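Asker: return a 3D structure for these sequence lines:
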Amino acid sequence: MCGERDAARSQYDWRPPACLHERRREHPCAGSTPEKGNSRKTMKQLKAFKFRLMPTAREAADFRRTLGACRFVWNRALAEQQRRFEAKEKHLNYPALCRALTSWRYSAELPWLGAMAQRPQQQTLKDLDRAFQNLFGKRARRPRFRRRGDDSAFRFADGIAVDVVNGRVKVPKLGWVRFRNHRRLEGKPKQMTISSRAGRWYVSLQVELEVPEPKHPAPTAAVGVDAGVVHFATLSTGEHLPPLAAFKRHEKRLAWQQRKLARKQKGSNNSQKQKRIVQRAHARMADVRADFLHKASHQLTRDFGVIAIEDLEVKSMTRSAAGTVEKPGRQVRAKSGLNRALLNHGLGEFRRQLEYKAAWRGGVVIAVPPQHTSQTCPLCGVVDARSRRSQSDFRCVACGYEANADVVAARNILGRAVGARAAA
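Answerer: Below is the predicted model of the structure:
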């Protein structure tokens, strides 16, 4: 029994390659405060701390009611904006929406809305106003109406109180709620978000820290990173980061649970129970992936002051090859498997983590064009598709240089980043 438990636990354990352990160095600012009299400049930094809440049944019901009130405010404000658009009236900005919210809360037909906390409703209106600004700036599509289950978080921008000693957080109009205090909270809380995922509640506290301006311990150490499918990433030093096939390991079990959900009567209690099981399976895969990405990005930003990556368009890379009825696609099944593998790696999230962690440590991340990185010889510079003889083999047709194709791509990425930085 113990052996089965250890085997199950080991499938979620990811340890970095030994080559990364050998370069391990602690950041000089980690876990320390600036010494008295130190003239080093400081900067303000925003950081989030996430804890799991342990609400009672009554507190969880209050959370769900708050979510419902925020959803109602979103839908009513969106309907009003659409009505004004069709009537060719002026669009309401955030202050105007807040004035409308006040009238809704004090109206005789909505007494329950005024009994709920006002700050999350105001933050909902701020999110709606930001959605319209993104629409006007052609950065997003038109905001849509929300239904139950679409919204899973509400936010407070002030009135935040945290009792770290007793592991409690004060929610306005709801009182003190206990949380699992598994890490040290630093800084002054500026914003609090309460969210629900797979039947569990979490609180995220955004704090403001005053830290010394970062200075990377190895500012000249540079590395190129080539993302792939066989290997999660290949470094220009010749090392490979092994992939984490979180979805592949759980794919069969998840498909089985989803088939069970499809057989349930929609809206029934059994359907809701099975839905929570499927949600927990997805949440588990997401947690495993996030843990892997955080470890990999932490080690790279710790060991290298300059990190070069490809400026990948993940959305375009994972577009379906099905085509249309008039022009059907080719090799649809193979392309679908490739898309699944790329999305499972979380390349967009990996880039986001590299960028903010490098900035915190005083490093820099440079994104370069990805065209022909695996077809260019890093020695003579000749670009020829024939040089890449297979998925893993590269041999230059001009000078005869031989190496692993992914390593060649990583070195070309690094070379382009160095050139772009020198030109700047």
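Asker: which of the helices or strands spans Ser204?
Answerer: Using DSSP states H and E, Ser204 sits within strand 200-212.
Asker: for that strand, packing partners?
Answerer: For strand 200-212, the packing partners by 3 or more C-beta pairs under 8 Å, 6 or more residues apart in numbering; DSSP states H and E come out as strand 42-52, strand 188-197. The C-beta positions use only the backbone N, C-alpha and C, and glycine is treated the same way.
Asker: buried sites along the first one?
Answerer: So that's strand 42-52. 49, 51 (16 or more other C-beta atoms under 10 Å).
Asker: quick one: the strands in the stretch 251-400 of the chain?
Answerer: Taking DSSP state E, counting those that start in this stretch as the test, the strands found in the stretch 251-400 of the chain are 306-310, 364-368, 393-395.
Asker: that older thread, what angle sits between the strand holding Ser204 and strand 42-52?
Answerer: 160 degrees (axes from the mean of the first three to the mean of the last three C-alpha atoms, to 10 degrees).
Asker: what's in contact with the next helix or strand after strand 200-212?
Answerer: Counting by DSSP H and E, the next helix or strand C-terminal to strand 200-212 is strand 222-227. Under the criterion C-beta atoms under 8 Å, 6 or more residues apart in numbering, residues 233-237, 300, 303-310, 312, 345, 347, 350, 373-374, 406-407, 409-415, 417-418 lie in contact with strand 222-227.
Asker: among those, which are in helices?
Answerer: 300, 303, 345, 347, 350, 406-407, 409-415, 417-418 (DSSP state H).
Asker: any idea how far Gly228 is from Asn412?
Answerer: Plainly put, Asn412 is 14 Å away from Gly228 if you go by C-beta to C-beta, to the nearest Å.
Asker: just to revisit the earlier point, mind checking the helices and strands packed on strand 200-212 for the one nearest to Leu209?
Answerer: Closest approach to Leu209 among the helices and strands packed on strand 200-212 (C-beta to C-beta): strand 42-52, 4.6 Å.
Asker: picking up where we left off before, who has more neighbours, Asn412 and Gly228?
Answerer: With neighbours defined as other C-beta atoms under 10 Å, Asn412 and Gly228 compare such that Asn412 has more, 26 against 22.
Asker: the more buried one is in contact with Gln371, isn't it?
Answerer: No - in this structure, Asn412 is not within contact of Gln371 by C-beta atoms under 8 Å, at 10.3 Å.
Asker: how's the protein carved up into domains?
Answerer: 46-55+154-212, 58-150, 217-321+330-423 (automatic domain parsing).
Asker: quick check: mean pLDDT across the second one?
Answerer: The one in question is domain 58-150. Here domain 58-150 scores 94 as its mean pLDDT.
Asker: how far does that domain sit from its chain's centre?
Answerer: 25 Å (C-alpha atoms, centre = their mean, to the nearest Å).
Asker: so Arg197 bridges to which residues?
Answerer: Arg200 (DSSP bridges).
Asker: burial count for it?
Answerer: For Arg197, the neighbour count with other C-beta under 10 Å is 15.
Asker: how far away is it from Arg83?
Answerer: Arg197 is 34 Å from Arg83, where distance means C-beta to C-beta.
Asker: now do Gln258
Answerer: Plainly put, Gln258 is 39 Å away from Arg83 if you go by C-beta to C-beta.
Asker: and what of Glu239?
Answerer: Counting by C-beta to C-beta - Glu239 and Arg83 are separated by 59 Å.
Asker: which parts of stretch 153-164 are buried?
Answerer: 153-156, 160, 162.
Asker: swap in stretch 72-81?
Answerer: Applying 16+ other C-beta under 10 Å to stretch 72-81 flags 72-78, 81 as buried.
Asker: I'd like these laid out as JSON lines, including distance to Val169.
Answerer: As requested, those are exported to JSON lines (distance: C-beta to C-beta, whole Å):
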{"residue": "Phe72", "distance to Val169": "25"}
{"residue": "Val73", "distance to Val169": "23"}
{"residue": "Trp74", "distance to Val169": "24"}
{"residue": "Asn75", "distance to Val169": "28"}
{"residue": "Arg76", "distance to Val169": "29"}
{"residue": "Ala77", "distance to Val169": "28"}
{"residue": "Leu78", "distance to Val169": "30"}
{"residue": "Gln81", "distance to Val169": "33"}
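Asker: out of the residues you listed, which comes closest to Ala321?
Answerer: Nearest to Ala321 among the buried residues of stretch 72-81, with distances taken as C-beta to C-beta, is Leu78, at 35.2 Å.
Asker: surely the closest one touches Phe145?
Answerer: Yes - using C-beta under 8 Å, Leu78 is in contact with Phe145, at 6.1 Å.
Asker: how far away is Ile201 from Gln331?
Answerer: You called it Ile, but residue 201 is Trp. 44 Å.
Asker: cool, His240 as well?
Answerer: 27 Å.
Asker: the two: which is more packed in?
Answerer: Legend: neighbour count by other C-beta under 10 Å for His240 and Gln331, higher for His240 (19 against 10).
Asker: can you tell me the closest non-neighbouring residue to that one?
Answerer: Closest residue to His240 apart from its sequence neighbours, by C-beta to C-beta, 6 or more residues apart in numbering: His231 at 4.4 Å.
Asker: ok, that neighbour to Gly337 distance?
Answerer: In terms of C-beta to C-beta, His231 sits 17 Å off from Gly337.
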